[in-house]
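**Q** Fold the following.
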Amino acid sequence: MNSGDYTYIWQASDWPDWRYDLAALAGPVAEVSRAQGLLMGRLADVGMALRDQASLAALTEDVVRSSEIEGEQLNAESVRSSIARRLGVDIGALRPVDRHIEGVVGMVLDATANCKLPMSRERLFGWHAALFPTGYSGLSKLKVAGWRDDASGPMQVVSGPIGRQRVHFEAPPANRLEAETKRFLDWLNDTTNEPALIKAGLGHLWFVTLHPFDDGNGRIARAIGDLLLARADGSPQRFYSLSAQIQRERKAYYDILEQTQKCSMDVTEWLAWFLNSLHRAVDQAQRTLDAVLVKTRFWQRWSSMSLNERQVKLLNKLLDGFEGKLTSSKWAAIAKCSPDTALRDINDLQTRGVLRKTDAGGRSTRYELNTE
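**A** As a prediction, this is how the structure comes out:
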């Protein structure tokens, strides 16, 4: 059947018999596998403590960026504290965490740490309830831990102002969801013929196509993708974030999804995009690992130095990739202290050789870490 005979792929007579050109995808699959092998080989040499820090960084980015794709901003330090607490990773003082962040973190960790457990209707409902602990998304009341009922009309992904909205996609009607999700879960849990990385891409696409909940479908689809990737890696510990890469390529992500939904059951182009994006995510993880190593070596070097809480906080911000240039006024704002106190903190670190003035001109003196 040609795509011109229907509007969306779930309306095709051969739905959901996914087709793809494995020969065309063999190269991208091999490249991703090679990149994963290089990353895991490097991680095998750095010790358990550093692996834990690298995993913490990847999981934190995964949770924060997956929510950002949906337009929701989570506090990264609170997310990091929640994950560290659950994984037993020592990061010093932990920040207070609200139940919404706890729920989002709980879903991502369940998907990865418990990747070998079967997916079920009840597990999906648990993830959905964790995403929306109040039963609301913003001001909109949701049907939580249950399939959508389409009481307000069909589930559509739209954009544009009211009255001139463009429909990007319409999901299958609610009365099909029980059967459709059962078929999806049976496939997800069974041993099938698809290569593991291909299955991760198909699982993500299939769930997005069903769009079975009132809200949260994108985040749950990405969690399902993470679960399948963890199975493919043979490890529940995550060191790269596909969600973060998707956020960096958000427009391309939505464009390829829309294009795929309106084409035939041949999803080779979607899988090629998925694998290439995954490759870039693994490459980014190498850079994250570099940053973890720099941070660890920095604190090993200055471990005997007595620092106050403000100094530790600002030094960690610099190590984590502080945006812009550090000035005494920014120090005061971030540390919530007076300008005089900020200057004393900075001068103390300069005297001890931890910070140095930059060569940049301008009205305000700027500072950076002394890495020499």
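
**Q** Please make it C-alpha for all contacts and neighbour counts, starting now.
**A** Fine.

**Q** hang on, isn't residue 288 packed against residue 54?
**A** Yes: using Cα atoms under 8 Å, residue 288 is in contact with residue 54, at 7.2 Å.

**Q** quick one: which of the two has more around it?
**A** Set residue 288 next to residue 54 and count neighbours by other Cα atoms under 10 Å: residue 54 wins out with 25 against 19.

**Q** what's the more buried one in contact with, if anything?
**A** 239, 288, 289, 292 (Cα atoms under 8 Å, 6 or more residues apart in numbering).

**Q** Quick one: mean pLDDT over the host helix or strand of residue 258.
**A** Assigned by DSSP states H and E, residue 258 belongs to helix 250-261. The pLDDT scores in helix 250-261 average 94.

**Q** other SSEs contacting it?
**A** When contacts are defined as 3 or more Cα pairs under 8 Å, 6 or more residues apart in numbering; DSSP states H and E, helix 250-261 packs onto strand 166-170, helix 268-301.

**Q** Same question for it: list its buried residues.
**A** 253, 257, 258, 259, 260, 261 (16 or more other Cα atoms under 10 Å).

**Q** State the pLDDT value of residue 3.
**A** Looking at residue 3, the pLDDT reads 51.

**Q** Repeat that for residue 274.
**A** Residue 274 is given a pLDDT of 97.

**Q** Let me know the pLDDT of residue 110.
**A** 96.

**Q** Report how many residues lie close to residue 201.
**A** 24.

**Q** That one sits in which helix or strand?
**A** Secondary structure from DSSP H and E places residue 201 in helix 196-210.

**Q** go on, residue 85?
**A** helix 76-87.

**Q** buried set for that helix?
**A** For helix 76-87, by 16+ other Cα under 10 Å, it's 78, 79, 80, 81, 82, 83, 84.

**Q** next one: the following helix or strand past it to chain centre, how far?
**A** Next helix or strand after helix 76-87 toward the C-terminus (DSSP H and E): helix 99-113. Remark: helix 99-113 is offset 11 Å from the chain centroid, using Cα atoms, centre = their mean, to the nearest Å.

**Q** quick check: angle from helix 99-113 to helix 76-87?
**A** 50 degrees (axes from the mean of the first three to the mean of the last three Cα atoms, to 10 degrees).

**Q** how many other residues sit next to residue 199?
**A** 20.

**Q** same deal with the one 3 residues further on?
**A** Per other Cα under 10 Å, the neighbour tally for residue 202 reads 21.

**Q** Roughly how far does it sit from residue 173?
**A** 21 Å (Cα to Cα, to the nearest Å).

**Q** repeat for residue 355
**A** Applying Cα to Cα to residue 355 and residue 173 gives a distance of 60 Å.

**Q** what do you get for residue 220?
**A** In terms of Cα to Cα, residue 220 sits 19 Å off from residue 173.

**Q** Do you know the pLDDT at residue 159?
**A** On the pLDDT scale, residue 159 gets 73.

**Q** Can you tell me the SS state at the residue positioned nearest the centre of the chain?
**A** Per Cα atoms, centre = their mean, the C-alpha nearest to the average position across the chain is that of residue 62, at 2.3 Å. Assigned with DSSP: H, G, I helix; E, B strand; the rest coil, residue 62 falls in the helix class.

**Q** Repeat that for residue 117.
**A** Classified using three-state DSSP, residue 117 is coil.

**Q** Now for it, how many residues are close by?
**A** If we define neighbours as other Cα under 10 Å, then residue 117 has 14 of them.

**Q** Residue numbering should commence at 31 henceforth.
**A** Sure, I'll start counting at 31 from here, so that last one is residue 147.

**Q** what's the distance between it and residue 168?
**A** 32 Å.

**Q** Equivalent analysis for residue 114, please.
**A** On the measure of Cα to Cα, residue 114 and residue 168 end up 27 Å apart.

**Q** what do you get for residue 348?
**A** Applying Cα to Cα to residue 348 and residue 168 gives a distance of 34 Å.

**Q** cool, and residue 397?
**A** In terms of Cα to Cα, residue 397 sits 40 Å off from residue 168.

**Q** Between the two, tell me which one has more neighbours.
**A** Legend: neighbour count by other Cα under 10 Å for residue 397 and residue 168, higher for residue 397 (18 against 9).

**Q** My guess is that one contacts residue 360. True?
**A** No: with contacts counted by Cα under 8 Å, residue 397 stays clear of residue 360, the gap being 10.7 Å.

**Q** From the buried residues of helix 280-291, pick the one nearest residue 240.
**A** residue 291 (10.9 Å; Cα to Cα).

**Q** OK, contacts around the closest one?
**A** 38, 39, 199, 239.

**Q** Could you rerun that using 10 Å?
**A** Neighbouring residues of residue 291 by Cα atoms under 10 Å, 6 or more residues apart in numbering: 33, 37-40, 198-201, 235, 238-239, 297, 300.

**Q** just residue 238 next, same as before
**A** 201, 232, 247, 248, 249, 250, 251, 252, 287, 291.

**Q** Could you tell me which of these count as buried?
**A** For these, buried by 16+ other Cα under 10 Å: 201, 232, 247, 248, 249, 250, 251, 252, 287, 291.

**Q** so which of those comes closest to residue 369?
**A** residue 249 (41.8 Å).

**Q** so how far is residue 120 from the closest one?
**A** The value you get for residue 249 to residue 120, if Cα to Cα is used, is 27 Å.

**Q** what does residue 227 give?
**A** Counting by Cα to Cα, the gap from residue 227 to residue 120 is 32 Å.
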